[in-house]
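Q: I'd like to go over a predicted model; first the sequence, then the structure.
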Amino acid sequence: MNKDEFEGKWKQVRGQARQWWALLTNDDLERVGGKFEEFAGVMQEKYGFNREAAKNEFDKRVSQFEANLKHN
C-alpha cells in the first residue's frame, strides 16, 4: 500500500478507528492524519505492534470494513 492508498483508506475508516482500537485517542487520530508512519508509531506505542504488524492490522480492518459496505 502506498502513501496515497493509506491516506484515502484512512479517510474512509477514521470514524471506525476508535471502535477498532480503543486505546487510540482523538489526539492520536489527529496525529496520524492519514500518514502510515504516524499510524505505525501510534500502534507501536499503544499496542506494541511493529511496522509490519501495524500494516497487517490496518489492512485486515479495512478489508472487513469494505466487505461490510458491499453487503449493506
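A: Looks like it came in fine.
Q: what about the protein, any weak spots by pLDDT?
A: Along the chain, the parts satisfying pLDDT under 70 run over 72.
Q: Identify the residue nearest the geometric centre of it.
A: F58 (4.6 Å; Cα atoms, centre = their mean).
Q: so which helix or strand takes in that residue?
A: Element membership for F58, per DSSP states H and E: helix 51-71.
Q: which helices and strands does that helix pack with?
A: helix 3-20, helix 36-47 (3 or more Cβ pairs under 8 Å, 6 or more residues apart in numbering; DSSP states H and E). All C-beta spots, glycine's among them, are computed from the backbone N, C-alpha and C.
Q: Pull the contacting residues for the residue nearest to the centre of the chain.
A: F6, K9, F36, F39 (Cβ atoms under 8 Å, 6 or more residues apart in numbering).
Q: The same query, at a cut-off of 7 Å, please.
A: Listed by Cβ atoms under 7 Å, 6 or more residues apart in numbering, the contact set of F58 reads F39.
Q: cool, E30 as well?
A: With Cβ under 7 Å, 6+ apart, E30 has no contacts at all.
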